[in-house]
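Undergrad: Sequence isn't available, so here's the structure alone:
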């Protein structure tokens, strides 16, 4: 099946399909069942029509409470919405430059998995619930918190580490487009432009080494993704995900 991984949804820069990836036991992930994205807020009628065409039934929002309060949330009468924040607040601009260091980023991702373990559990259980799919999960840029959940889900499905890393790295082009749009939107304000440039390293950081380090941390701390599922108490949900998202290769 020849389907596009990057899906055009007006107003989004990083909306991607997680289908078509090799998984354990000669299986592959199903197309058009699970998507990852940047923020789904303020969408046009055209964008909502795109989501309807994809038959999206569930949206999982990983943004902080402050982001939702400031920017709004996805709302549609036929789509179930779940707000499961992976962080309580965004990192300060003083930390932005450190995102050039893949070791710093890997550690932040590991901290998200530890500190937001309850939200990670809830997200996996929501996605594994009956009639939850097709579903999309998102944060603001669709790279970091979304990248952590994508890695967890793909890891639970038995997708090889190198494929998870490659999927993560696909965000690079998208975040460059996102940053370009953001720069244009604040070009008439010197103060806002300066703030955007302070955050630019964090926005642009999608180094494969960052995700590789995170995956190594999962295996160091839990032994395997099966061990992670056991430690988080989501082995049953992981099995349900595999039943819903895998097909014979």
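TA: That came in fine, so what should we check first? None of the values given here were measured: they were computed from a predicted structure.
Undergrad: So what does residue 137 have for phi and psi?
TA: Per-residue torsions, residue 137: phi -120, psi 150 (degrees, to the nearest 10).
Undergrad: ranges for the strands of the protein?
TA: For the chain, the strands defined by DSSP state E cover 16-17, 22-23, 27-29, 34-37, 58-61, 80-83, 135-138, 246-248.
Undergrad: Okay, the residue nearest to the spatial centre of the chain and residue 243: tell me how far apart.
TA: Nearest to the geometric centre of the chain sits residue 146, at 1.8 Å (Cα atoms, centre = their mean). As judged by Cβ to Cβ, to the nearest Å, residue 146 and residue 243 stand 23 Å apart. The C-beta positions use only the backbone N, C-alpha and C, and glycine is treated the same way.
Undergrad: how about stretch 16-31: buried residues?
TA: Within stretch 16-31, the residues that qualify as buried by neighbour count (16 or more other Cβ atoms under 10 Å) are 16-19, 21, 23, 27-31.
Undergrad: My error: substitute stretch 145-159 in the last question.
TA: For stretch 145-159, the neighbour count (16+ other Cβ under 10 Å) marks 145-159 as buried.
Undergrad: one step back: how about TSV for the strands of the chain, with distance to residue 48 and mean pLDDT added?
TA: Converted to TSV, the strands of the chain look like this (distance: least, Cβ to Cβ, whole Å; pLDDT from 0 to 100):
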stretch	distance to residue 48	mean pLDDT
strand 16-17	18	97
strand 22-23	31	98
strand 27-29	26	98
strand 34-37	14	98
strand 58-61	12	98
strand 80-83	13	98
strand 135-138	13	98
strand 246-248	29	97
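Undergrad: Out of these, which is closest to residue 169?
TA: Residue 169 sits nearest to strand 16-17 of all the strands of the chain, at 11.7 Å, using Cβ to Cβ.
Undergrad: same for that closest one, what does it pack against?
TA: Using 3 or more Cβ pairs under 8 Å, 6 or more residues apart in numbering; DSSP states H and E, the elements in contact with strand 16-17 are strand 34-37.
Undergrad: Relative to the strand it packs on, what are the paired strands and their orientations?
TA: Sheet partners assigned to strand 34-37 using DSSP bridges are listed as strand 16-17 (antiparallel), strand 135-138 (parallel).
Undergrad: centre of the chain versus that strand, how much separation?
TA: Remark: strand 34-37 is offset 7 Å from the chain centroid, using Cα atoms, centre = their mean, to the nearest Å.
Undergrad: Over to stretch 100-115?
TA: 15 Å.
Undergrad: That stretch: which residues count as buried?
TA: For stretch 100-115, burial by neighbour count (16+ other Cβ under 10 Å) applies to 102, 104-110, 112-113.
Undergrad: Among these, which one lies nearest to residue 238?
TA: The shortest approach to residue 238 among those belongs to residue 113, at 14.9 Å (Cβ to Cβ).
Undergrad: quick one: residue 116 from residue 183, how far?
TA: Per Cβ to Cβ, residue 116 is found 30 Å from residue 183.
Undergrad: If you count surrounding residues, which of those two has more?
TA: Under the neighbour definition other Cβ atoms under 10 Å, residue 116 and residue 183 were set side by side, and residue 116 has more, 21 against 14.
Undergrad: what does the model give that one for pLDDT?
TA: On pLDDT, residue 116 comes in at 96.
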